[in-house]
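Colleague: Turn this into a model:
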Amino acid sequence: MIRTLAVNCTPILVCSKDDGKTAAETASDEMVMGAARALCEFSLLVSQQNHSDLSLNALDIALKQFYQKKGVFREQKMLKSVKAKVDDLLATESHQLHEQMIHKIRAAMEALVYGAEKVSSTKRRQFQVRLNRARQAATTWSDANCQKAIERLEREIHQVTPAKHKLFDKLFQHHEWQLSQEVGTKGTGPRSKFAKQPALMKTAAEDEVYGAANMTADKRLQFQIRLSDAETDATTWSLADTERVTNQMGREIYGITSNEQKRFKKEFSIRMIEFEAWWETIGIQALRKTIEQRVIHLGYPKMHLLSHISESIRRMGSGDNFTTDISEWLHIANVKEGYRSSNKVNYIRQMLKHNDRCTGLDHMEETLSYLALEGWYDVDSGKVFNILSATDKW
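Modeller: Just a heads-up that it's a prediction; the model follows:
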């Protein structure tokens, strides 16, 4: 594999210089050529038959150069699926990191403007608990407020008065009692053929009491839309509400004044402008590079084995006819064949069980082979390993 990569990268080393290239393009070409040169030097050193300490030291240097410049090949190895994974992680982690950094900047600015003794960790926790409670209370629509909104919309849209509402309740209860007397209490269950009967009876009672003209489909739809809008308005926590509650709690808990809050808001705004400019130019790119190094790496078995080549040569000599196809064949035997033997449902557990069975059979075969060579075998084992004499076969 290493020799193949070196051969593929060799033409880069002899490319002609183009006077029309920009400085950035020239620098990029030099990085690529340096990595390819290190790769070629590493391949030539590995292919030597006899290694001296000098060549092994040169091998370590070439390997170090190769690993240092492995980022040059990152774009070549970024498949569409890998790019999508990097983009998804960047979208998630960038938001989390952005919020964490803003929180740290705010805490540092508060300690600087208000004083560290006023914004201690205990007071910060107290402030956060009270702010969460206020937000939860403001975004919760109580049953009483919901009932008031329903009554107001019924008066405005369906022309419902308290007297008509009492008459409707009395009439609907009478219809329910009649239905229960006819079919029984179990006859109106969710799976009964009479399950829709109460809803139809309620619609008929509303038309009879309130008037069919006030209970049309358009007015019913209008009622639902306005009720949903009323719930949204009642449970919305706006930025103005957040700022108002935050300022009020800050004065109560931290013991600060309005002038100090104005000063903090001004300096914090300036600091946030600087931070956002840094985040857009440097921060987000640094985070992307970190994610790429975590997702797109050369920590695969083939690339990891390279770091042990010089040590292996010192301990066991030149690795003649050494191949990296071992991991490829293991992938076929352990993964592909195991997946094909499964029913494609919860296949990971089935693949592990398949590998365990194959390992057990291989161990059994090795054990029987060893016993057969030592003379401990029966007729069946001898037939399997084809070690029976002509007399034993008969």
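Colleague: and the residue lying closest to Tyr210 once chain neighbours are set aside, what does it touch?
Modeller: Of all residues beyond its chain neighbours, the one nearest Tyr210 is His158 (5.5 Å), with distances taken as Cβ to Cβ, 6 or more residues apart in numbering. Any C-beta I mention is one placed from the backbone N, CA and C, and that applies to glycine too. Neighbour list for His158: Glu206, Tyr210, Asn214, Met215, Lys219, Phe223 [criterion: Cβ atoms under 8 Å, 6 or more residues apart in numbering].
Colleague: Residue ranges of each domain in this protein, please.
Modeller: Per automatic domain parsing, the structural domains of the chain span 2-78+305-316, 81-139+238-291, 143-234, 339-393.
Colleague: Now distance to Ile332 and mean pLDDT too, for these, in CSV please.
Modeller: Below are the domains of the chain laid out as CSV (distance: least, Cβ to Cβ, whole Å; pLDDT from 0 to 100):
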stretch, distance to Ile332, mean pLDDT
domain 2-78+305-316, 18, 66
domain 81-139+238-291, 21, 88
domain 143-234, 54, 80
domain 339-393, 10, 78
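Colleague: Out of the ones you listed, which is closest to Leu330?
Modeller: Leu330 sits nearest to domain 339-393 of all these, at 10.3 Å, using Cβ to Cβ.
Colleague: returning to what we had before: looking at the contacts of His158, spot the one nearest Lys64.
Modeller: Lys64 lies nearest to Phe223 out of the contacts of His158, by Cβ to Cβ, at 74.9 Å.
Colleague: contacting residues around the closest one?
Modeller: Counting by Cβ under 8 Å, 6+ apart, Phe223 touches Leu153, Glu154, Ile157, His158.
Colleague: Likewise for Ala111?
Modeller: Per Cβ under 8 Å, 6+ apart, neighbours of Ala111: Val119.
Colleague: tell me which element it is part of?
Modeller: Taking DSSP states H and E as the criterion, the element that holds Ala111 is helix 80-114.
Colleague: in that helix, what counts as buried?
Modeller: For helix 80-114, burial by neighbour count (16 or more other Cβ atoms under 10 Å) applies to Val86, Leu89, Leu90, Ser94, His98, Ile102, Met109, Glu110, Val113, Tyr114.
Colleague: can you put these in CSV and add distance to Val129?
Modeller: What follows is these, written out as CSV (distance: Cβ to Cβ, whole Å):
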residue, distance to Val129
Val86, 38
Leu89, 32
Leu90, 33
Ser94, 28
His98, 24
Ile102, 20
Met109, 22
Glu110, 17
Val113, 23
Tyr114, 19
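Colleague: from those residues, which is closest to His304?
Modeller: Taking Cβ to Cβ as the measure, Val86 is the one of the buried residues of helix 80-114 closest to His304, at 21.8 Å.
Colleague: re the thing from before, got a quick PyMOL command for the buried subset of the contacts of Phe223?
Modeller: Only the buried members of these enter the following PyMOL selection, criterion being 16+ other Cβ under 10 Å:
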select buried, resi 153+154+157+158
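Colleague: one step back: can you put the domains of the chain in JSON lines and add distance to Ala333?
Modeller: Below are the domains of the chain laid out as JSON lines (distance: least, Cβ to Cβ, whole Å):
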{"stretch": "domain 2-78+305-316", "distance to Ala333": "19"}
{"stretch": "domain 81-139+238-291", "distance to Ala333": "25"}
{"stretch": "domain 143-234", "distance to Ala333": "54"}
{"stretch": "domain 339-393", "distance to Ala333": "8"}
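Colleague: Quickly find the element holding Ser312.
Modeller: helix 309-316.
Colleague: Going by neighbour count, which residues of that helix are buried?
Modeller: In helix 309-316, counting by 16+ other Cβ under 10 Å, buried: Ile309, Ser310, Ile313.
Colleague: Might you report the residue contacts of the second one?
Modeller: For Ser310, the residues meeting the contact criterion (Cβ under 8 Å, 6+ apart) are Leu56, Leu59, Asp60, Leu63.
Colleague: No further queries at this time; thank you.
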